[in-house]
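>>> here is a sequence together with a model predicted from it:
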Amino acid sequence: MLRRPIGTILIIGQLVLSLSGCLSVQATSTRRAEGPGGGVAVQVFADDGARRAGKPSPAGIMGELDRKEGTNWVPVFRSLNPTWTVAGLPPGAYRVRFPARLDEVGNVVRLGGTVTDVKVKEGWITDVNAVLDHVDTALIVAGVVAAVLIAKYVHDHGLPELPPPPPGLLDAVFYVSIDILTGPGWTGVADRLPPTVTSHFPAADALVAARRPRVIFSFSEPLRPQDVKPDGVTILGEASGLAPGQVSYDAQNWWVVWQPQADLNPGDTYHVTLAKDAVEDLAGNEPESPTTFTFKTAR
């Protein structure tokens with residue numbers, strides 16, 4: 001009898017993500033914040049069953065938190081993770097939206113324009129849940145069958161299984177560069193905090209089937225395009241060595257993107273590094289440390 005690996009569950013979730021085109025988003029509760037300001041905590045689930053079980057969906061959903069400034073909406077945080085919390089926010093009107101997702105290669109696939117308004121209050125965290133819905137039952141069944149077949153292939157060929165998300169990733173709390181001490185209301189971007197990688201694609205220890213996947217680092221704030229170094233990202237294969245690629249900056253999404261110039265070696269383990277001095281934010285701050293992770297390519 002075939003044992004269901006954790007990878008099966010994640011593959012099913014990814015298939016559901018790929019088949020769904022709509023999100024249901026709602027603010028569910030509030031709780032006390034531990035520091036000054038308010039906050040927003042977001043969790044994305046594949047379906048209501050996953051929500052009831054407290055199991056977030058796979059990474060790859062583009063989440064965005066915007067603040068209302070006059071008649072305009074100003075983005076203050078972005079992430080590709082299914083779970084994230086932003087604290088230290090000035091009280092005011094915010095919105096949470098999920099404009100797109102990434103496919104298995106790292107290309108952007110647009111979703112419906114579901115938006116939920118959130119009122120951030122001093123000393124309170126607002127919880128927001130997003131659930132993928134409106135998925136045809138037959139498509140889900142087909143996805144489950146495909147996932148089982150993939151799991152059998154992984155098992156029969158000795159490929160590594162996908163691990164669950166690390167607990168630290170699910171519990172991460174981000175503080176954006178907004179000065180809440182100089183006065184009430186929106187005060188703009190401060191110069192004190194370094195830019196932070198809020199998420200990356202592929203996820204750490206992921207098993208990647210695509211031959212030329214894009215590697216994406218999502219940042220907590222905008223960067224200086226001219227200061228993104230072309231050699232700031234290195235992808236080193238344990239068997240194949242340094243992978244050639246091009247680094248670019250996606251200003252719309254606050255992404256640093258590495259695009260491979262050739263197919264990656266199948267069945268290899270790749271070590272990814274974004275150097276500490278690879279980027280600067282608009283105030284000239286650099287990240288406090290490099291970002292590193294590994295992923296594996298399927299045979």
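Looks like it came in fine.
>>> show me where the chain has helices.
Using DSSP state H, the helices of the chain run over 6-19, 48-53, 137-156, 167-170.
>>> and the second one, what does it pack onto?
Helices and strands touching helix 48-53, by 3 or more CB pairs under 8 Å, 6 or more residues apart in numbering; DSSP states H and E, are strand 124-133. Every residue, glycine included, has its C-beta placed from N, CA and C.
>>> repeat that for 10 Å
helix 6-19, strand 22-32, strand 38-45, strand 124-133 (3 or more CB pairs under 10 Å, 6 or more residues apart in numbering; DSSP states H and E).
>>> buried sites along that helix?
Neighbour-count burial for helix 48-53, counted by 16 or more other CB atoms under 10 Å, picks out 50-51.
>>> and the helices and strands packed on helix 48-53, which one is worst for confidence?
Note on the helices and strands packed on helix 48-53: helix 6-19 shows the lowest mean pLDDT, a mean of 42.
>>> how about the spatially most central residue of the chain, nearest residue that isn't a chain neighbour?
Central residue of the chain (CA atoms, centre = their mean): Leu80, 1.5 Å from the mean position. The spatial neighbour of Leu80 that comes closest, neighbours along the chain excluded (CB to CB, 6 or more residues apart in numbering), is Ser199 at 4.0 Å.
>>> quick one: end-to-end distance for stretch 257-268.
21 Å (CA to CA, to the nearest Å).
>>> count of neighbours near Pro195?
Per other CB atoms under 10 Å, the neighbour tally for Pro195 reads 24.
>>> if I look at Glu280, how far off is Glu221?
11 Å (CB to CB, to the nearest Å).
>>> joint contacts of the two?
194-195 (CB atoms under 10 Å, 6 or more residues apart in numbering).
>>> between these two, who's got more neighbours?
Ranked by neighbour count (other CB under 10 Å), Glu280 and Glu221 place Glu221 first, with 22 against 18.
>>> that one touches Val74, doesn't it?
No - contact criterion CB atoms under 10 Å: Glu221 and Val74 do not qualify, at 11.5 Å.
>>> specify the beta-bridge partners of Val44.
Ala130 (DSSP bridges).
>>> mind checking how far the residue nearest to Phe293 when sequence neighbours are not counted is from Lys276?
Spatial nearest neighbour of Phe293, excluding adjacent residues (CB to CB, 6+ apart): Ala204 at 4.1 Å. Per CB to CB, Ala204 is found 18 Å from Lys276.
>>> any stretches of the stretch 101-250 of the chain with poor pLDDT?
113, 133-171, 176-191 (pLDDT under 70).
>>> what about the strands in it?
With strands called from DSSP state E, counting those that start in this stretch, the stretch 101-250 of the chain shows them at 108-110, 115-120, 124-133, 173-175, 197-201, 207-208, 215-219, 233-237, 241-242, 245-250.
>>> would you turn those strands into CSV with mean neighbour count?
Converted to CSV, the strands of the stretch 101-250 of the chain look like this (neighbours: other CB atoms under 10 Å):
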stretch, mean neighbour count
strand 108-110, 13
strand 115-120, 17
strand 124-133, 20
strand 173-175, 17
strand 197-201, 22
strand 207-208, 20
strand 215-219, 24
strand 233-237, 18
strand 241-242, 10
strand 245-250, 16
